[in-house]
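1. Whatever this is, show me its structure:
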Amino acid sequence: MLTDPIADYLTRIRNAVRSGHDEVEIPASGLKMEMSRILKEQGYITDYASEPARVGDVIRIRLKYTDARRPVITGMERVSRPGRRRYVDRLKVPRVHGGTGTAIVSTSRGVITGHEAKAKGVGGEVVAYVW
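-> As a prediction, this is how the structure comes out:
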């Protein structure tokens, strides 16, 4: 049993990128699928798919690299943790690296980017930063 499956999700992607892997498999959940959707929409990964495994489902993520084989994802950080949740209101949604990165926010309207949260005027739990 994992105490923080989102931190595990981010760590698996971070380790795969640093090792130069093309794909990574991660145990699936609804939140992880939504985070993968956001990573694809923002151009950090090539694709993702949910596949059945021996136990439950897994998410297979195809990582994205530049032509010079440099990873598109240069950093990922877990913000809200099980021991210290971080919530923001609609006026204090964070910008990541001056707007070049992405904040992933879990709101009452679903899991969205920080930019979308500002546009929709909603706050929520800041799950992670990606840049």
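
2. For residue 45, name its beta-bridge partners.
-> Listed beta-bridge partners, residue 45: residue 63 (assigned using DSSP bridges).

3. Checking residue 40 next. Helix, strand or coil?
-> The three-state label given to residue 40 by DSSP: H, G, I helix; E, B strand; the rest coil is helix.

4. got the contact list for the longest helix along the chain?
-> Taking DSSP state H as the criterion, the chain has its longest helix at helix 5-19. Helix 5-19 has contacts (CB atoms under 8 Å, 6 or more residues apart in numbering) with 2, 23-24, 26-27, 29, 31-32, 35, 61, 63, 71, 73, 76-78, 81, 127-128. (Each C-beta comes from the backbone N, C-alpha and C, glycine too.)

5. Just list what the following helix or strand past it packs against, helices and strands only.
-> Beyond helix 5-19 on the C-terminal side, the first helix or strand identified by DSSP states H and E is strand 23-27. The contact analysis (3 or more CB pairs under 8 Å, 6 or more residues apart in numbering; DSSP states H and E) places strand 23-27 against helix 5-19, strand 57-63.

6. possible to save these as TSV with mean pLDDT?
-> Below are those laid out as TSV (pLDDT from 0 to 100):
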stretch	mean pLDDT
helix 5-19	97
strand 57-63	98
